[in-house]
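> Pasted the sequence and its predicted model underneath.
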Amino acid sequence: MNRRTFFRNLGMTAVAGSTFGMSRLERVLAGGLPRAIEVPYDLVALRGGEPDVMFDQGIAALGGIGAFVKKGHKVVVKPNIGWDVPPERGGNTNPALIKRIIEHCYQAGATKVYVFDHTCDAWQKCYANSGIESIARDAGATVVPANSEGYYQKVSIPGGLSLTEAKEHELVLSSDVFINVPVLKNHGGAQLTMAMKNLMGNVWDRRTWHRNDLHQCIADFATYRKPTLNVLDASLVMKRNGPRGVSVDDVVPMKSQLLSTDMVALDVAGSKLFGMNPDDIRYIGIAVSQGVGRPDLENLNIKRIVL
Amino acid sequence: MSLARLKRIRVVVSVLILLVSGFLFVDWGNIAPPGLRSLLVSLQLGPAVTKLFTAVNLWLISLAIVLLVTILFGRVYCSSLCPLGTIQDIIIRQSRRSRPRKWFRYRQAPYVLHYAVLTATLLTAAAGSMILVNVLEPFSIAGRILGGLARPALMTLNNVGASILALLDVYALSAIPSPPSALLHLILPAVFLTGLVLLARARGRLFCNSLCPVGALLGLVSRASVFRIVINESTCRDCGLCEKVCKAECIDSKAKTIDFQACVSCFNCLDACPTVGLKYEGFHVRRAARALPAPDGGRRKFLRAASLPLAGLLTGGGLRDVSDTVRQVRGPVGTPGPVTPPGSSGQAHFSSACTACHLCVSVCPTQVLQPSLLEYGWGGIFQPRMDYTVSYCNYECVLCGEVCPSGAILKLGVEEKKLTQIGKARFIKDDCIVITKKKDCAACAEHCPTKAVRMVPHENLRLPEVNNDICVGCGACEHACPVEPRRAILVEPNLLHLKAKEPPSEKMELEPTNEAFPF
């Protein structure tokens, strides 16, 4: 093969590849956003077990992962892997929980499970030190980089006031199921990081959010796409110095977990679990006014499980 | 063993060394084993000599080995261990292929120029200015060519591959974001490479025998070599092939002499000779042969030429101390100058010991280490600096100190590094989003690994506050700040690095609850 034919072949591969990619995107656009799934409980709250065991029981209460993941589905599992810290620092989602979620997805017949986060610290270090990269790979997931702008595609956010467009990771756009797995912790800017805040790891340009009213932008982006399921990891909770934390002294063992399809309900319950009044967290109030979900826990159907 | 085989061994060794160097300078995933890195760089003479003055180290052993080999067999280093030598050999090989009838011929090496360069390099380095080292030291030039050209080229290839594969739903390759300010630092190594191509195509290894300070140093040592290549007058057929293939242009086939001081030990002549017209000869043989003719004053000339750089070396330590003081007192007036990496002790030490090989730039996992041009002044041309617009220093990482071959960045333990204050954050309140837009932001405090930057109540918002006692100057706050064009929080360098206090900590306790769920 001479140089010319090599480049011709390369070009053809690129064209073939891009049309393939487009067809996936068109499928999503044509099919619209996934519809909400009917579940027996608005919120499942667990306390007292290991993160993976709590997930087994929590997802069973919601009718099993089969209610969300169908045979042939492509699934994105989105933990918080923002920081180059080990699991005991509570800065990232618990790796055992991520592993168990991936296993459930494959049992339900998922063809592929992707795991990624747009990290804050150096991504290779976060992926490795969080323990998530290796455990997710072992469970059969594809651990995907999210550190380059090329992986992101522009989307418009019709319900947004401050944030009207963003660049979203292409896999979130093309997957059938999106499982949002935040970790509960204190946060310098957002006060607390939970389900809605965790979506910030799906987008490319986060400086824009900080520049244009962080709380409004968090709520705006929450109007864009509702995750299929949210699982809040509150096993080790960073009580101060968040989101990165300074030492293990910042962390308390809360041994809890919340599951919900409603990000607002989850974040309200998460705030209370943490010991904060949800009314003090501005983005929750804004999200309620923009119709993202329901904050009135007293009127919701909640399943409480103590292990 | 036939001497002709020496060339093949030299080619294998040199290509191996070049491949390892290339791998180390391109290795963006940091997959190279640390042992391989220290093995290669410890054999590089320029940085090793520099390190003599900066740190006591085991690499002295490798330095001794290089000198011993030279004193035994001549400048084996120049053709086997020096990656820049091999880069030139590749250029020469290509040039010979495209112009098969262009042969080399004997020309007296420009010794006056070469020793002047060596003397000037040693004297300026002793005075604290690394300008000539940074511009001429061969390992550093090779590093900048490999890291500055080969690396971005391969990264681009990787990124094209990664994006094509991603479209096909394969994520085996990861796209690597390239830093924004890269253009100038692509042009500079390209200029060096172009110069080298022109020189090598015209005159072979002329760089090594005119401008290279390491070549000059080893040339001096090789004057005393025990074994050296000589023409065997009894078997030589006067074909002149040895002269034609000599890249160093040091064989005079008519006079049947070899200027061994200029010989880079490529062994091309041994390989080309149709008979056994060349041989390695021990010095006892030569002494016997030289018993009759009168001394030509060569030794005296040699001593005179050698004494200048030696004087430089001897006075080096003292001069450097003075210059350090001058630098610290004068400082960078007006502009504070760049922040230097942890382990470099400060601008004065770093700038007077860095040979600008950019190995640290290549291994830095966050890419916060970026090449500079004149940010340190002429004496620190090309030396790396912390560029917080590109990234910030990873809190737990000590790689740059582990790889630095010249001792400009000294090795730090992780715990020591986490308390090394390379600069201090300065908060410019009037530019902050919280003041200008009256909205919460906290990007700086979020990223701070020690919570030297924390949010304090301000009206009904939260405003950053800096505690410089525990700030390490990593630049996370500056990098994360969304204010443009100038960030509202900036790290100012510590001209001398300081020790930060440990971040205060008290164990958080779980508040006792009566109920499992507060809702």
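Okay, I see it.
> Does B:Arg37 touch B:Phe23 like I think?
No. Counting by CB atoms under 8 Å, B:Arg37 does not reach B:Phe23; the two are 9.7 Å apart. Where you see a C-beta, it was placed from the backbone N, CA and C, and this is true even at glycine.
> Which residue of the two possesses the greater neighbour count?
Between B:Arg37 and B:Phe23, B:Arg37 has the larger neighbour count (other CB atoms under 10 Å in any protein chain shown), namely 21 against 16.
> of all of chain B, which residue lies closest to chain A?
The minimum distance from chain B to chain A, using CB to the nearest CB, falls at B:Ala442 (3.1 Å).
> residues in contact with the residue nearest to that residue when sequence neighbours are not counted?
Distances taken as CB to CB, 6 or more residues apart in numbering or on different chains put A:Gly189 closest to B:Ala442, at 3.1 Å, once the chain neighbours are dropped. By CB atoms under 8 Å, 6 or more residues apart in numbering or on different chains, the residues touching A:Gly189 are A:210, A:214, B:440-443, B:445-446, B:455, B:462.
> Go again with 10 Å.
By CB atoms under 10 Å, 6 or more residues apart in numbering or on different chains, the contact set of A:Gly189 is A:197, A:209-210, A:214-215, A:218, A:242-243, B:440-446, B:455, B:462.
> Would you list the buried entries among those?
Listed as buried from the contacts of A:Gly189 are A:197, A:209-210, A:214-215, A:218, A:242-243, B:440-446, B:455, B:462; burial here means 16 or more other CB atoms under 10 Å in any protein chain shown.
> Correct me if wrong: B:Gly22 contacts B:Leu154.
Yes. B:Gly22 is within contact range of B:Leu154, at 9.2 Å (criterion: CB atoms under 10 Å).
> Tell me which strands the one helix or strand A:Gln257 maps to pairs with, and in which orientation.
Using DSSP states H and E, A:Gln257 sits within strand A:251-260. Sheet pairing for strand A:251-260, assigned by DSSP bridges, gives strand A:43-47 (antiparallel), strand A:229-238 (antiparallel).
> would you put the C-alpha positions of it in PDB?
C-alpha atoms of strand A:251-260 as PDB (Å, rounded to 0.1, in the frame of the first residue of the first chain):
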ATOM      1  CA  VAL A 251     -15.600  11.800  56.300                       C
ATOM      2  CA  VAL A 252     -18.200  10.000  58.400                       C
ATOM      3  CA  PRO A 253     -19.700   6.500  57.800                       C
ATOM      4  CA  MET A 254     -23.400   7.100  57.100                       C
ATOM      5  CA  LYS A 255     -24.000   3.700  55.500                       C
ATOM      6  CA  SER A 256     -27.000   4.900  53.500                       C
ATOM      7  CA  GLN A 257     -28.300   4.900  50.000                       C
ATOM      8  CA  LEU A 258     -31.200   6.500  48.100                       C
ATOM      9  CA  LEU A 259     -32.700   5.400  44.800                       C
ATOM     10  CA  SER A 260     -35.200   7.400  42.800                       C
END
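> just checking, what packs against the helix or strand following it?
Later in the chain than strand A:251-260, the nearest helix or strand by DSSP H and E is helix A:263-274. Under the contact criterion of 3 or more CB pairs under 10 Å, 6 or more residues apart in numbering or on different chains; DSSP states H and E, the helices and strands touching helix A:263-274 comprise strand A:43-47, strand A:183-187, strand A:191-193, helix A:195-198, helix A:214-222, strand A:229-238, strand A:251-260, helix A:282-289.
> Figure out which of those is closest to B:Trp378.
B:Trp378 lies closest, by CB to CB, to one member of these: helix A:214-222, at 44.6 Å.
> is chain B contacted by the closest one?
Yes. Using CB under 10 Å from any CB of the partner chain, helix A:214-222 reaches chain B at A:214-217.
> Could you pull out the strands in the chain for me?
Went with chain A since none was named. A:43-47, A:74-79, A:112-115, A:142-143, A:152-156, A:165-169, A:177-181, A:183-187, A:191-193, A:229-238, A:251-260, A:302-306 (DSSP state E).
> Not quite, go with chain B.
B:228-231, B:251-252, B:257-258, B:278-281, B:369-371, B:384-386, B:420-427, B:453-458, B:461-466, B:489-499.
> tell me the most buried of those strands?
When the strands of chain B are scored by mean count of other CB atoms under 10 Å in any protein chain shown, the highest mean neighbour count falls to strand B:384-386 (a mean of 28).
> sorry, back to before: so for B:Gly22 and B:Leu154, which sits in the more crowded spot?
B:Gly22 (20 against 15).
> Now for that one: which residues touch it?
With CB under 10 Å, 6+ apart, B:Gly22 has these contacts: B:83, B:86-87, B:142, B:145-147, B:150-151, B:154.
> one more time with 8 Å, if that's ok
Here B:Gly22 is in contact with B:83, B:146, B:150 (CB under 8 Å, 6+ apart).
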